[in-house]
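*Asks:* When you get a sec, could you give me coordinates for this:
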Amino acid sequence: MEGNLSLIPLAEVLELVHGHRRSGTLEVQAGPLPLTLRFVQGEVVEAAILDWEGLKALFAFPLHPEEGTFRFRPGPQSAEHPPMPFAALLGEWARVNDEWDRFRTLIDSPSRVLEALRPQSPYEVFQGGKSVRAAAKAWGVPLLIAMERAYMGVREGDLYPLRRYAWYALRIRYQGKRGKTLEEFGQLQGLLDGTRNLGEVIAQGVPVGLVRRYLVQALASGEIAPPGRGWLLRDLTWELEKEGET
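*Replies:* Numbering: from 1, shown residues only. Model (predicted):
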């Protein structure tokens, strides 16, 4: 079973697999963003965006993408148990999607670096500039909770979004082993030699939008594969959506 999400919505595809109690793997591609779901007798038992696995990754993927493709490959059954019943999973997926949409009205992605404007405040973890993902680790809370706190901080004027992202710290050495992405981004090729991070590349005058588009294409094609590439690709596509570039 395969098709186009503009003709058959993702929610209907999921209901079909569930209703027929199928076992196998559903691969979904919404723009550059891939999602892999594994079903056992119609229940979702695994989900991943590249190397980002689990329900956190699943709920960050759009439940109602306007376009994209899907393919279901039958597979063997197993005794695995789903993390939650199918109906509850769909409901939670929709709810978390709505929460992400709300929080992103003020913060385009969890990779955005924020600065605390008041030294003594609940947001002191952001002193000196820190991404929402880094704050989630420092607080020891789920990413969505950290995003909600950061959203409230920005809304109340306690936090200020800086013009940089966590991925600015990445160092990439382009070796030309896969793909031809840099044919479209020639001015980057000489700079991606591993001696400078992406923030330094941008500081040399390369537009941030160009670097972001390169990263999305390179991650989606497998041309680069740093640890955490799944959540990084999700953050980058969120940022592109906010800029109206997808």
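*Asks:* which residue packs closest to P65, ignoring adjacent ones?
*Replies:* Leaving aside its sequence neighbours, P65 sits nearest to A30 (Cβ to Cβ, 6 or more residues apart in numbering; 3.8 Å). Every residue, glycine included, has its C-beta placed from N, CA and C.
*Asks:* Okay, and the beta partners of that neighbour?
*Replies:* In this entry, A30 is beta-bridged to L33, by DSSP bridges.
*Asks:* how close does it sit to E46?
*Replies:* 18 Å (Cβ to Cβ, to the nearest Å).
*Asks:* likewise H18?
*Replies:* The value you get for H18 to E46, if Cβ to Cβ is used, is 15 Å.
*Asks:* quick one, which of these two is more surrounded?
*Replies:* H18 (19 against 16; other Cβ atoms under 10 Å).
*Asks:* Export the helix or strand hosting that one to PDB, keeping only CA atoms.
*Replies:* Here H18, judged by DSSP states H and E, is contained in helix 10-19. Coordinates of each C-alpha in helix 10-19 appear next as PDB, following Å, rounded to 0.1, in the frame of the first residue of the first chain:
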ATOM      1  CA  LEU A  10      -2.200  10.600   7.000                       C
ATOM      2  CA  ALA A  11      -4.900  10.100   9.700                       C
ATOM      3  CA  GLU A  12      -6.900   8.000   7.200                       C
ATOM      4  CA  VAL A  13      -3.800   5.900   6.400                       C
ATOM      5  CA  LEU A  14      -3.200   5.200  10.000                       C
ATOM      6  CA  GLU A  15      -6.900   4.200  10.500                       C
ATOM      7  CA  LEU A  16      -6.700   1.800   7.600                       C
ATOM      8  CA  VAL A  17      -3.700   0.000   9.000                       C
ATOM      9  CA  HIS A  18      -5.300  -0.100  12.500                       C
ATOM     10  CA  GLY A  19      -8.700  -1.200  11.200                       C
END
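*Asks:* Tell me how far that helix lies from the chain's centre.
*Replies:* 23 Å (Cα atoms, centre = their mean, to the nearest Å).
*Asks:* next one: stretch 186-199
*Replies:* 23 Å.
*Asks:* that's a strand at H81, yeah?
*Replies:* No: counting by DSSP: H, G, I helix; E, B strand; the rest coil, one finds H81 to be coil, located in no strand.
*Asks:* From E15, how far off is it?
*Replies:* From H81 to E15 the distance is 21 Å (Cβ to Cβ).
*Asks:* Of these two, which one has the most company?
*Replies:* More neighbours surround E15 than the other of H81 and E15, with 15 against 9 (other Cβ under 10 Å).
*Asks:* can you pull the contacts of that one?
*Replies:* With contact set as Cβ atoms under 8 Å, 6 or more residues apart in numbering, E15 has no partners.
*Asks:* now T36
*Replies:* So T36 contacts 25-28, 46-49 (Cβ under 8 Å, 6+ apart).
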